Structures are given as structure tokens and as C-alpha cells.
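[1] okay, here's the prediction I keep looking at, along with the sequence it came from:
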Amino acid sequence: MVTVRAPATSANLGSGFDVFGAALDRPADVIRVEKADRTTIDVRGYGSEFIPEDPADNTVGAVAEALDAPAHIRIDKGIRPSSGLGSSGASAAAAALALNELYDRGLSRKELVPIAGKGEATVSGEVHLDNVAPALLGGFTVATGRDVTTVDADIPLVACLPEIAISTRDARDVVPAGATMEQLVYTVGRAATLTTGMCRNDPRLVGKGMHDRLVTPARADLISGYDEVREAALAAGATGVTVSGAGPGVLAACYPGDRREIAAAMVEGFAEVGVDSRAYQTKIGGGATLHRD
Ligand SMILES: Nc1ncnc2c1ncn2[C@@H]1O[C@H](COP(=O)(O)OP(=O)(O)O)[C@@H](O)[C@H]1O
Ligand SMILES: N[C@@H](CCOP(=O)(O)O)C(=O)O
């Protein structure tokens with residue numbers, strides 16, 4: 001048996017739609033795999049009632065097929081599905097790493113990124129590597145096509161998860177079809193600022209780099225209370241706030257000592273509009289970890 005713990009991830013980070021991603025040190029999924037003649041899936045834990053066990057409909061089923069690695073796969077969900085914390089991506093990444101080890105396929109973690117991405121695409125409808133890349137490699141990742149660059153950044157974060165469900169597939173439908181030159185220049189500037197902040201471990205620059213006028217506004221409209229939560233987080237000391245992944249999670253960058261106050265402020269912000277939520281006081285963390293019994 002092989003066991004893998006794969007972290008939640010926050011993709012896009014505002015200015016890096018479909019390119020930027022960051023592994024979080026909590027929460028996480030745990031996957032256990034054993035060789036079998038055909039793939040079967042058993043899902044337990046957070047939101048498991050909303051996750052199919054048919055290999056044709058679960059991200060891990062596509063990964064097992066891509067690796068020609070039939071197995072009994074048990075998924076213990078610690079990351080709520082449809083959250084904006086890369087739940088489907090974490091399972092796909094964990095399955096790729098676990099099955100690669102179980103069948104001695106010998107692929108590197110970077111080589112497993114597109115395979116995990118193919119698994120995630122079964123639910124999001126399109127390949128995007130900004131969840132599976134940080135889930136496998138850890139840190140802050142820049143995924144462009146098949147090339148992935150990583151930065152081992154140490155940035156405190158707060159991820160606030162409202163009791164709202166938004167599927168990535170639906171949230172991709174509201175992404176604008178194009179951009180003006182002014183929007184392009186603004187986005188490039190913020191993306192460069194965020195990347196510099198990650199390289200310098202500077203929460204202020206990372207926060208400034210989270211601003212986005214292209215995709216985030218369209219997605220924020222899907223999240224009841226987003227404006228209230230953003231303002232509350234900034235007032236409590238956040239250096240930047242954006243939609244986590246495709247939402248509804250909301251991500252704040254900050255300094256270490258401000259996480260508790262920011263988390264409370266974000267939960268209160270959602271409560272003001274009658275939405276329950278939970279906040280994870282977290283930070284950028286490592287990639288998936290593997291144990292072979
Ligand atoms: N192993 C899995 N883990 C989580 N969600 C899964 C998995 N397999 C399939 N899904 C489906 O994917 C959807 C959640 O993925 P997505 O919409 O991309 O949001 P997120 O990745 O933030 O959870 C749900 O509809 C869920 O049923
Ligand atoms: N770039 C993707 C990221 C989806 O992240 P998730 O955590 O919501 O699955 C998108 O924005 O569609």
C-alpha cells in the first residue's frame with residue numbers, strides 16, 4: 001500500500017489566472033492505493049457525499065487510466081469540494097504520485113504534473129495546472145504550458161471558506177473572452193509584483209500583486225459578501241485579498257501576527273450577509289508527501 005498526503009492549493013492568486021498557484025500547509029487530502037485488477041474508489045471525509053466514486057467521474061480515475069495503474073483507491077477528504085482550495089486537484093495529484101510509486105513508473109514529480117492535470121480536467125472541463133503543480137511540487141508555482149517554475153516562499157495566508165458551492169466549471173464560464181491593452185499591462189505589472197514578493201518573502205508585495213481587474217471581478221459577483229469580506233480583511237491588516245481559485249474561497253495575504261484577527265474579520269464579514277464560513281490560518285507550504293508500507 002502507498003499513502004500520499006496532498007495539500008490544498010490556492011490558484012490564480014489574482015493576477016495569475018491559470019498560471020500562478022500556491023500550496024497551503026493546511027488542509028489536505030490523504031489517498032491510500034493498493035494494486036487491483038480494476039480501479040475502485042472509496043471516498044470519505046469532508047464533502048464526500050458530493051464526490052462520485054465512479055472512476056469515470058472522479059479525478060483519480062482518469063489518473064489511474066493515464067498511468068495504466070488499476071488500484072483500489074481510498075480518498076480521505078480534508079479539502080471540501082467546490083471550495084476554491086483545489087480539492088479535485090489535490091486528489092488528482094495525490095493519485096498520480098501514489099500510483100507512480102505503487103507501479104514503479106519512475107516518473108518525476110514535474111512529469112506527473114500534466115498527468116494529474118488530465119485527471120483534474122475531467123471535472124473542470126479544461127486543463128489548468130495551477131492546482132496540481134503546487135500540490136505536487138509545493139511552494140509558489142508558475143505553470144506555463146508544460147513548464148513549471150517553483151519558488152519556496154514563506155508567506156502567511158488566511159483562506160476563508162463560505163458555505164457556498166461554486167464549481168470550477170461554472171466559474172470558468174464567467175471568465176471574459178478577451179482583454180484590453182490597458183488590462184493586459186495592469187495584469188503583467190501585478191503578476192511581476194507578486195512574483196517578486198514571493199522571491200523576497202515580502203507579504204506587502206505579494207498582497208499588491210493580488211490585484212486583478214480581469215477575472216476576479218466577474219467571479220467576486222458569484223460570492224455573496226465578497227466585498228464586505230475583502231474590506232474587513234484589509235481593515236484587519238491583510239496586505240491583499242482575492243478569490244481563491246475559482247471561488248468561493250477568499251484568500252488574504254498578511255504578516256504572521258495578523259492571521260487570527262484577519263480570520264475573525266473575514267468570518268464576520270460573511271456573517272454580515274448571512275453566510276456561514278470557516279477560516280484557515282495557514283501559509284504557503286510544501287508539496288505532497290508519500291509513505292510506502
Ligand atoms: N477526488 C475528488 N475530489 C474532489 N472533487 C472531486 C473529485 N473527483 C470529482 N470531483 C468533483 O469535482 C468537483 C469539485 O471540483 P472543482 O469544481 O474543480 O472545485 P475544487 O477543485 O475547488 O473542489 C465536484 O463536483 C466533485 O464532485
Ligand atoms: N485557474 C483555475 C483554478 C481553479 O481552482 P479551484 O481551486 O477552484 O479548483 C480557475 O480559476 O478556473
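    Alright, I've got the coordinates. Everything numeric in this text was worked out from a predicted model, so none of it was measured. Ligands and ions are numbered 1, 2, ... in the order given.
[2] and the stretch 151-293 of the chain, which of its residues are near ligand 2?
    Applying CB under 6 Å from any ligand atom, we find that the stretch 151-293 of the chain lies next to ligand 2 at Thr168, Ala171, Arg172, Gly245, Ala246. Bear in mind the C-beta positions are built from the backbone N, C-alpha and C, glycine included.
[3] show me what residue of the stretch 151-293 of the chain gets nearest to ligand 1.
    Nearest residue of the stretch 151-293 of the chain to ligand 1: Thr168, at 3.3 Å (CB to the nearest ligand atom).
[4] quick check: residues of the stretch 151-293 of the chain near ligand 1?
    Ser167, Thr168, Gly245.
[5] returning to what we had before: number of nearby residues for the residue of the stretch 151-293 of the chain closest to ligand 1?
    By the criterion of other CB atoms under 10 Å, Thr168 has 24 neighbours.
[6] any idea how far Arg260 is from it?
    Distance from Thr168 to Arg260, counting by CB to CB, to the nearest Å: 30 Å.
[7] quick one: is stretch 54-71 near ligand 2?
    No. On the criterion CB under 6 Å from any ligand atom, stretch 54-71 is out of touch with ligand 2, staying 10.3 Å away.
[8] now that stretch: buried residues?
    Buried positions in stretch 54-71, judged by neighbour count with 16 or more other CB atoms under 10 Å: 55, 58-67, 69-71.
[9] residues in contact with it?
    Identification of contacts with stretch 54-71 by CB atoms under 8 Å, 6 or more residues apart in numbering yields 31, 33-41, 43, 51-52, 73, 75, 88-89, 91-92, 94-96, 99-100, 102-103, 105, 115-116, 118-123.
[10] near ligand 1, from those residues?
    Among those, the ones lying near ligand 1 by CB under 6 Å from any ligand atom are Ile51, Pro52, Ile75, Ser88, Gly89, Ser91, Val123.
[11] what about burial for these, which qualify?
    Buried members of those, counted by 16+ other CB under 10 Å: Ile51, Ile75, Ser88, Gly89, Ser91, Val123.
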